[in-house]
Each structure stands twice: as structure tokens, then as C-alpha cells.
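Q: predicted model, plus sequence, below.
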Amino acid sequence: MANTRSAEKAARQAEKHRARNVALRSRMRTAVRNVTTAVVGGNKEAARTSYSQAVPIIDSLVSKQIIHRNKAARHKSRLAARIRAMQ
């Protein structure tokens, strides 16, 4: 429990930030899942389209410091490799 007014305010802000971060991470996971689903389904054009939509979402999380830049690079690289490997 917060003991001072500033600590109470910090706790309120932390709740807001956490809720926002959870929502943004969820958006990223959904975008990655959309690419993966298209790859598994064998639809290369849909995979490319969903990949091009996922990249800006992933990059925005890096700029907001929600995920590390190396994690973003790893996601993008693996998704791109899976798309390239499609027949």
C-alpha cells in the first residue's frame, strides 16, 4: 500500500501503463499469429500482407520500449524466413 500521495499517484500511473502495455503486446502477438496462420495455410500472398502489417506494430513496441529491439528483430527475421521458405 502506498504511504505518500506521490506513491499513490505512481501506483495509479503504473496501473494505466500496465493496461496499455498489455493491450499493445496483445496486438503484437495477434499480428504475429496472423502471419503464422497464413504461412501454415500455405497462402504466400496473405502471409506477405500480414507480415507487412505486423512489422510496424512490432517496431512501434520497440520505440515505446515495451519490447527489446533484439526481440523485435528476432520476430521479424523468423517470420520473414518462414515466408521465404514457402513454396
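A: Sure, I can see it.

Q: every contact and neighbour count from this point should use C-alpha atoms.
A: OK.

Q: buried set for stretch 33-48?
A: Asn34, Val35, Thr36, Ala38, Val39, Lys44, Ala46, Ala47, Arg48 (16 or more other C-alpha atoms under 10 Å).

Q: nearest residue to the fourth one other than its sequence neighbours?
A: Of all residues not flanking Ala38 in the chain, Ala47 sits nearest, at 4.8 Å (C-alpha to C-alpha, 6 or more residues apart in numbering).

Q: how about whatever helix or strand the one you found lives in: buried residues?
A: With the criterion set as DSSP states H and E, the secondary-structure element containing Ala47 is helix 44-63. By neighbour count with 16+ other C-alpha under 10 Å, helix 44-63 contains the buried residues 44, 46-48, 50-51, 54-55, 57-59, 61-62.

Q: contact partners of the helix or strand just after it?
A: Taking DSSP H and E as the definition, the helix or strand that follows helix 44-63 towards the C-terminus is helix 69-84. Residues from elsewhere that reach helix 69-84, judged by C-alpha atoms under 8 Å, 6 or more residues apart in numbering: Val32, Val35, Thr36, Val39, Lys44, Ala47, Arg48, Tyr51, Val55, Ile58, Asp59, Val62.

Q: nearest residue to Asn34 other than its sequence neighbours?
A: The nearest residue in space to Asn34 (C-alpha to C-alpha, 6+ apart) is Ser50, at 6.3 Å.

Q: got the contact list for the one you found?
A: Taking C-alpha under 8 Å, 6+ apart as the contact definition, Ser50 lies against Ala31, Asn34, Val35, Ala38.

Q: could you measure from it over to Asn3?
A: With distances defined as C-alpha to C-alpha, to the nearest Å, the gap from Ser50 to Asn3 amounts to 47 Å.

Q: mind checking the longest helix of this structure?
A: Secondary structure of the chain read by DSSP state H shows that its longest helix is helix 5-41.

Q: packing partners of that one?
A: For helix 5-41, the helices and strands in contact under the criterion 3 or more C-alpha pairs under 8 Å, 6 or more residues apart in numbering; DSSP states H and E are helix 44-63, helix 69-84.

Q: which parts of the last one are buried?
A: Of the residues in helix 69-84, those buried by neighbour count under the rule 16+ other C-alpha under 10 Å are Ala72, His75, Lys76, Leu79, Ala80, Arg82, Ile83.
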